[in-house]
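Visitor: using only what follows, build the 3D model:
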Amino acid sequence: MTKKQRSARGQDCVLNIPGVCNHNPETTVLAHVGHHGSAKRNHDEDAVFACSACHDAIDYRTKVFLDNEEVPQELLRRDREWFIARALDRMAGYEDEGHT
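Guide: Now for the predicted structure:
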């Protein structure tokens, strides 16, 4: 486990997907983003702090519901990129503060 992966413990989720995020820092992991469905894993520089629920959503492991209606996969795919870009920006701020 890398230093950055260990540093995810107890951190707030930076994805914060509405209707998905469980806001529980005890479930936060360093979620590698991109290369979904591939055997390749991104480097830790391309990873964000994500609660278990948001991590499952961006990896398409769970269905996502908003207002008791399932979000279509095509919409989730489009919005996924926006949530990831925002989270990577937040991670850059975290790193600029010298946390890693």
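Visitor: okay, strands next: where are they in the chain?
Guide: Assigned strands in the chain, in chain order: 29-32, 47-50, 65-66, 69-70 (criterion: DSSP state E).
Visitor: can you list contacts of the second one?
Guide: With contacts defined as CB atoms under 8 Å, 6 or more residues apart in numbering, strand 47-50 is touched by 4, 8, 11-15, 28-33, 58, 84, 87-88, 90-91, 94. Where C-beta positions appear, they are placed from N, C-alpha and C, glycine not excepted.
Visitor: list only buried entries from those.
Guide: Neighbour counting over the contacts of strand 47-50 (16 or more other CB atoms under 10 Å) leaves 4, 8, 11, 13-15, 28-33, 58, 84, 87-88, 90-91, 94 as the buried ones.
Visitor: among these, name the ones in helices.
Guide: Under the assignment DSSP state H, those contribute 4, 58, 84, 87, 88, 90, 91, 94 to helices.
Visitor: would CSV of the residues you listed with distance to residue 47 and pLDDT be doable?
Guide: Output for these, formatted as CSV (distance: CB to CB, whole Å; pLDDT from 0 to 100):
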residue, distance to residue 47, pLDDT
4, 7, 75
58, 11, 83
84, 10, 82
87, 9, 84
88, 9, 84
90, 12, 84
91, 8, 84
94, 12, 73
